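> Below are the sequence and a predicted model; questions follow.
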Amino acid sequence: MIRDPKDLKRYTASERANHWVVGMSFILLALSGLSFFHPAFFPLNQLFGGPVWARILHPYVGVLMAVSFLIIFLRFFKLNVMTKRDIDWLKRAHEMVNGNDHNMPEQGKYNGGQKALFWALGICMFLMTVSGILIWRAYFHFDITAVRLGVLVHAAVASVMIGMITVHVYAAIWVKGTIRAMWYGTVTRAWAKQHHRGWYRQVTGK
Amino acid sequence: MPLQSLDIKRRSATTTESTQARTPIEVAKLIDVSTCIGCKACQVACSEWNELREEVGENIGVYDNPTDLSAQAWTVMRFSEVETAGKLEWLIRKDGCMHCADPGCLKSCPSPGAIIQYKNGIVDFNEEFCIGCGYCVTGCPFNIPRISKEDGKAYKCSLCSDRVAVGQEPACVKTCPTGAISFGSKEDMTELAARRVEDLKSRGYENAGLYDPAGVGGTHVMYVLHHADKPELYSGLRKDPSISPMVSLWKGVTKPLATLAMASVVLGSLFHYVTKGPNEVSRKVEEEIEKEDAQ
Amino acid sequence: MSQNKDAACPPVVTRRQFFKISAAGLGGTGVALLGFSPKDAHAEVRQYKLLHAKETRNTCTYCSVGCGVLMYSIGDGAFNAKSEIMHIEGDPDHPVSRGALCPKGAGLLDFVHSTSRLKYPEVREPGSSEWKRISWEEAISRVARHMKNDRDANVIEKNADGVPVNRWLSTGMLAASASSNETGILTQKFSRGMGLVAIDAQARVCHGPTVSALASSFGRGAMTNSWVDIRNADFILVMGGNAAEAHPVGFRWAIEAKKRGARLIVVDPRFNRTASVADQYVPIRAGSDIVFLGGVINWLIKNDKIQWDYVKAFTNATSIIKEGYSFDEGLFSGFNAETSKYDQSTWNYELDDKGHIKTDPSLAHPRCVWNLLKAHYARYTPEVVNDLTGSPVEGFLAVCKALGETSVPTKVGTILYALGWTQHTVGTQNIRTMAMIQLLLGNIGMPGGGVNALRGHSNIQGLSDLGLLATSLPGYLVLPNEKSHPTLQAYLTATTPKTLADGQLNYWGNTPKFFVSLMKWFWGDKATKENDWGYNWMPKWDKMYDVIHMTELMAQGKMNGLIVQGFNAAASFPDSNKVNAAFSKLKYMVIIDPLATETSTFWQNHGESNDVDPSKIQTEVFRLPSTCFAEEDGSIVNSSRWLQWHWKGAEPPGEAKSDQEILGELFVALRDLYRKEGGKVADPILNVSWAYADPKAPTPEELAKESNGKALADIPDPNDKTKFLARKGELLPGFALLQDDGSTACATWIFSGSWTQAGNQMARRDNTDVGLGNTPGWAWAWPANRRILYNRASCDVNGKPWDAKRKLIAWNGEKWAGIDVPDFKVDAAPATGMNPFIMNPEGVGRLFSCDKLVDGPFPEHYEPMESPLGTNPLHPKVVSSPAARVFKGDREKFGNHKDFPYVGTTYRLTEHFQFWTKSVRLNAIAQPQQFVEIGEVLAKEKGISQGDWVKVSSNRGFIKAKAVVTKRIMALTVNKQPLHQIGIPLHWGWIGVAKKGYLANRLTASVGDCNTQTPEYKAFLVNVEKISGV
């Protein structure tokens, strides 16, 4: 729906759908994965019909996430190439975190933090996919050392990834007006001007 | 619900203690490789008692059949022809779960109660709770657990916990024709092993010894070896086995710490929000936009 | 054990017990918020499945160790529960097995439930390619009709000399060595009553030579000591056998001996499973054992490792042999080249006027046994041994020294052997050589000593004891021969030996008592003094119709019928291709077996394994399903002569019936035909005593009591006329009461004492060790519950034990007493000069076996019929045994060492039992597929690697199998030439759940041991080549 015709288009419907496929698969994967991560989370597998179903479903969801993540990655990697500006932004990120973003360098569609997260998630996803395949016993039988490494990497990277995505989600919640970009595909011009002035200028020509 | 006949020392994926008050006798199985003739009676008795039937396989040019452990074969004999100092030896080792004091399988298992270590030393799989993830396989330093192709669950020797629970010896021990497999308290088995080692030394096996590797806290299945200095001669028995650092690294305190780390990210975010407040579009920018719109 | 179960699990706990594990710490608040109620995870061991299952005691049906088994069946024995065996494990009370079972015994469950078990009577009509299910009535009546027609047409009433021979040769019978004694004794009555002389059992292809070798040396043809007694040895030689492989549980006592400090040496063509736990392994060329052992004799003499007191007192070393005895250029005196037979008259003692043996205690006489022995073996030097056997000299000397050490009275050595010695043309002589060594060392009669023949089938000892062999009767009596025994008087004169030395017991002097009691069992009230106890009704043999001879007759079309009771003849007989052709010429074949076998399906096409055309085979084959051990009561005799009773644990599958019922029904049907129609030589059939409560189903109890014997009249006590030793109708307490006046009936004199007025002695279960591992209260051993034969020889001439630590019995001033039943006259004081070998008329053990064997009084090395050398360096003119019986066609099929350069030798694997366990899934899993073992050197020459397919062929046939390339078969140098041996395990065929394979006996030659015709399976010539996938 169109809320305000002057809002700026940030994501297309296809991009949003893509994102939410990744997002939902992440949630499913995190919940089922956590249930095997530590006993405290074990009951989470009840969401999936019990631990065996959780074990069976987890890798298939993983494949879904890997594929949809790859599409997102291909869609956005050019926009996430790091520039000097981004480095400057990152150097001053603590100001941003402290709630003082007025002196932050001007940013394009994505700021340095987002770009860093993008690449980090990309690496994590790659590692998760490879290690996941190593330990997917239903179809693959790798050397025991490889499997052991796979289990280690999968768990370690998963916890990092969960942390990063928590930050990603929090950032969206914290920075008001952000989430709608992924609901409606649009952001307000004010939001864009404040947080991504470079992009704002680019799309509005101002 | 009644207490069961074997007290539990540890359960997989369980963060609290099991009942620890009683201290039953710690048991062990001693396999004297020097008197084992490789007849496979233990293999057959194991399958018979546990109602397992592996597929009828093929001869692959050696006596080993079944050729490997499986969900249907919890113990197999491994034969190796070794020439030491010009003397031929046919070293035959009964392979199967070692029932480690520090069981890697139990450590890596994510399913509460799927792997249990009884206080008598037996490490048992409860397939009802097995989720088939195969982590036990990665945790085992001896390459023992096998995932069934039929039900996807992990299986291995139970040291006949059902027999031991009612006071009997395991099926393989009872059936062993030459008495190469013994069963009793770990203390008695260690003593028996010492006597066997002494006999072997008197027959010229200077390096005879007991295999009870400390790297896994000792085992409840032990071997008397003629060449204890070279366990790898016995179809690749590991010299100093321990749980892979890749497994132990992640299964010790690291996972709880990682859990804490994840939790702190969540909590950190929450407290960031309530302390720093939301990051909203500044009034100034809003006004600039309104101004533009007015133009 | 049931009490243990009850103690551990009180009956109130009958449902699954769950241990509640605290789930605290699992959830955490987050989870609670999500609304989960974590399910309790319970930890619990699998419930003990035998809690109230019915437990039945039995004896393992496979080998002759006779391990005790406990069978557990579904239901607690309630009327409404149908028993089915669900689990079998070892009986911990059993003194030999102590709960252990080998891989075969441990897999018994899958034998009981084998998919190859027969359930219904079936017939394969002539030319048909399938089985047809028929009723028992039809089966029995059709078989009876075949038998009657054939017997009427072919039974011989009298021979050319007018001697009544009652011989029915056109039908043969094979008896089952895994069946009970009770089935066996009924088979004896059934078959001899019909006039069958072509009757044999597995002993023929197995331990026949043991009986002839040990009987000709010591007086009885059985394992001298017992399984547990092996632990008392200081030195154990395993040669001509592979005890660990074939008798794993018995072998435990060799390991026990080792744990007590004994040394164990293995001499074998292969580094086998026994060698894997031995102190030393010495390789040898298959078929050269006499060279090795003859070399040992020579070494012992040269190095004076002789127990002189024993040898002088208890052997015939001092006896003087007739003038005219000689050995020259490979031949003993008296050889007739035309008949290939010896005139043995010179091979005997020189007797004095009283008919007693002349002796020279100084051993100076040139013709005394000692000097003949010394001269005979002087040729067997260590160099000759090395050259002919391929054994390294140091290995040979190690064996000599180890044996030599036991020549002192306080050191004892034993030998464990089996078919590695028996299955040669010189099988009997192989064993004889070792018997002589043990006499020289003073090891016979000693605990921890003896010559221990490890027998095969679970009741092969019993079937030997019951005389189910071509020329035998129960208790090692001989079946009357038409030439030597035309009358009862002639029989008794010829078979009752005269004492050859003063004061000897000469127990065979009682032969008339044994034989007349046997006749009373055969013919009952119809046996009277007037009719010579029915002697004329007994079948009389002209030639020995052993399995090789039977095959030849069948192949020549001279036999019409074959009754096969639990015997896989197609697989067990030599030259399988010939056997199959021979079966194809039969008119009818009757199979009584619990399992489907190659024999019952010989007419089926199984590709290359059995390439026959069913439509061209006109044999009518009946297949009658019988029970197995688990489904019957009865006794079987283990290798150490223990008669152990076992109990039925479940009903047989389908319509299967016990052998006793099948024989009973068949006999009654035949007798009815003779009653109704009359027939040729009907008297024996009409007169044979068949007085069973249900003639169609004699019970094990009835038959066991018949074997024991009973008094037919009051038997007065000769010392006190007012008393009786037994009253009319009572079971006899032992064979000492047997009479030759018809007042006792006894089927098997040596079993007398097994079921007395005091009850079934075979069912006794007191396992108290009274010393040296002897458990006289467990079961019952023949003879007279003696556990170690010739135990008088464990004491010196004065009756004092040679070794105080090994005191079995001793003379206490009044009688012989101790922990074993004296194998001696209990009140015969040492001063009487009575000697320990009471079955021998000379009272001593025989170093020189006189005329007891057909191929020489001293063992001599002869090459196997198919010799890899093509010569015999000891006497090139006489290469192989001159006294071997070879049928013309079989001789033509011998191969030579140029075309077939390698020595083939067949053997068994511990995972399998004969040809049964390929039908047993648990065993098929443990050893699934046929293979041959090839040494690394030969394999390299032939380009064969691990797991390749190879074809092994002899001049008679071929097999295809997987190759196990091994260091354990070493290349040898023999007669200066390289020599390779190929190991051929024999367990495969076309029936069963294991991978299909070939009958190993397609390769073997149809020729047997000179004395017993046990086939030469251990040394024949083959070639080997690599083939591509099969």
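Looks like it came in fine.

> And the helix or strand where residue B:274 lies, what's buried?
According to DSSP states H and E, residue B:274 maps onto helix B:254-276. Neighbour counts over helix B:254-276 (16 or more other C-beta atoms under 10 Å in any protein chain shown) mark B:254, B:255, B:258, B:259, B:262, B:265, B:266, B:269 as buried. To be clear about C-beta, it is placed using only N, CA and C from the backbone, and glycine gets the same treatment.

> try stretch C:769-783
For stretch C:769-783, by 16+ other C-beta under 10 Å, it's C:772, C:773, C:774, C:775, C:776, C:777, C:778, C:779, C:780, C:781, C:782, C:783.

> what does stretch C:697-709 give?
Here stretch C:697-709 shows C:697, C:698, C:699, C:700, C:702, C:703, C:704, C:705, C:706, C:707, C:708, C:709 as buried, counting by 16+ other C-beta under 10 Å.

> Other residues contacting that stretch?
C:180-183, C:185-186, C:466, C:474, C:517, C:521, C:632-635, C:658, C:660-661, C:664-665, C:690, C:692-693, C:731-732, C:735, C:738, C:744-749, C:751-756, C:760, C:762 (C-beta atoms under 8 Å, 6 or more residues apart in numbering or on different chains).

> Can you select the buried ones from the residues you listed in PyMOL?
Restricted to buried positions by 16+ other C-beta under 10 Å, the PyMOL selection for those reads:
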select buried, chain C and resi 180+181+182+183+185+186+466+474+517+521+632+633+634+635+658+660+661+664+665+690+692+731+732+735+738+744+745+746+747+748+749+751+752+753+754+755+756+760+762
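
> Which ones among the contacts of stretch C:697-709 lie within strands?
When DSSP state E defines the strands, the subset of the contacts of stretch C:697-709 inside them is C:634, C:635, C:744, C:745, C:755, C:756, C:760.

> can you give me the offset of the helix holding residue B:274 from its chain's centre?
35 Å (C-alpha atoms, centre = their mean, to the nearest Å).

> That one and chain A in contact?
Yes - under the criterion of C-beta under 8 Å from any C-beta of the partner chain, helix B:254-276 makes contact with chain A via B:255, B:256, B:258, B:259, B:261, B:262, B:265, B:266, B:269, B:272, B:273, B:276.

> Redo those residues as JSON lines? Include pLDDT and distance to chain C.
Shown next, in JSON lines, are those (pLDDT from 0 to 100; distance: C-beta to the nearest C-beta, whole Å):
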{"residue": "B:255", "pLDDT": "84", "distance to chain C": "14"}
{"residue": "B:256", "pLDDT": "86", "distance to chain C": "12"}
{"residue": "B:258", "pLDDT": "90", "distance to chain C": "15"}
{"residue": "B:259", "pLDDT": "90", "distance to chain C": "10"}
{"residue": "B:261", "pLDDT": "92", "distance to chain C": "16"}
{"residue": "B:262", "pLDDT": "93", "distance to chain C": "11"}
{"residue": "B:265", "pLDDT": "94", "distance to chain C": "14"}
{"residue": "B:266", "pLDDT": "93", "distance to chain C": "10"}
{"residue": "B:269", "pLDDT": "93", "distance to chain C": "15"}
{"residue": "B:272", "pLDDT": "93", "distance to chain C": "20"}
{"residue": "B:273", "pLDDT": "93", "distance to chain C": "19"}
{"residue": "B:276", "pLDDT": "88", "distance to chain C": "24"}
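
> Among those residues, which one sits closest to residue C:310?
Using C-beta to C-beta, residue B:255 is the member of the residues of helix B:254-276 next to chain A that lies nearest residue C:310, at 76.5 Å.

> Measure how buried residue 59 is and give me the count.
Looking at chain A here, since you left the chain open. 20 (other C-beta atoms under 10 Å in any protein chain shown).

> should've been chain B
21.

> same question, residue A:49
For residue A:49, using other C-beta under 10 Å, the count is 11.

> And for residue B:22?
Residues within reach of residue B:22, counting by other C-beta under 10 Å, total 8.

> Now go through the buried residues of stretch C:697-709 and say which are in helices.
C:700, C:702, C:703, C:704, C:705, C:706, C:707, C:708 (DSSP state H).

> Local confidence estimate at the fourth one?
Reading off the per-residue confidence, residue C:704 sits at a pLDDT of 98.

> what's the answer for the first one, then?
Per-residue confidence at residue C:700 stands at 98 (pLDDT).

> nearest to residue C:820, of the buried residues of stretch C:769-783?
residue C:774 (5.9 Å).

> Help me confirm that the closest one is found in a strand?
No - the assignment for residue C:774, made by DSSP: H, G, I helix; E, B strand; the rest coil, is coil rather than a strand.

> Now do the same contact list for it.
C:226, C:228, C:229, C:787, C:788, C:808, C:819, C:820.

> I'd like to know how far it sits from residue C:734.
Distance, residue C:774 to residue C:734, by C-beta to C-beta, to the nearest Å: 19 Å.

> same deal with residue C:152?
From residue C:152 to residue C:734 the distance is 42 Å (C-beta to C-beta).

> now do residue A:120
Taking C-beta to C-beta, one finds residue A:120 at 95 Å from residue C:734.

> Now do the SS call for residue 142.
All of this refers to chain A. Put simply, residue A:142 is coil when judged by three-state DSSP.

> and the nearest residue to it once chain neighbours are set aside, what pLDDT?
Leaving out its chain neighbours, the residue that sits closest to residue A:142 by C-beta to C-beta, 6 or more residues apart in numbering or on different chains is residue A:134, at 5.3 Å. For residue A:134, the model assigns a pLDDT of 96.

> Lovely, talk soon.
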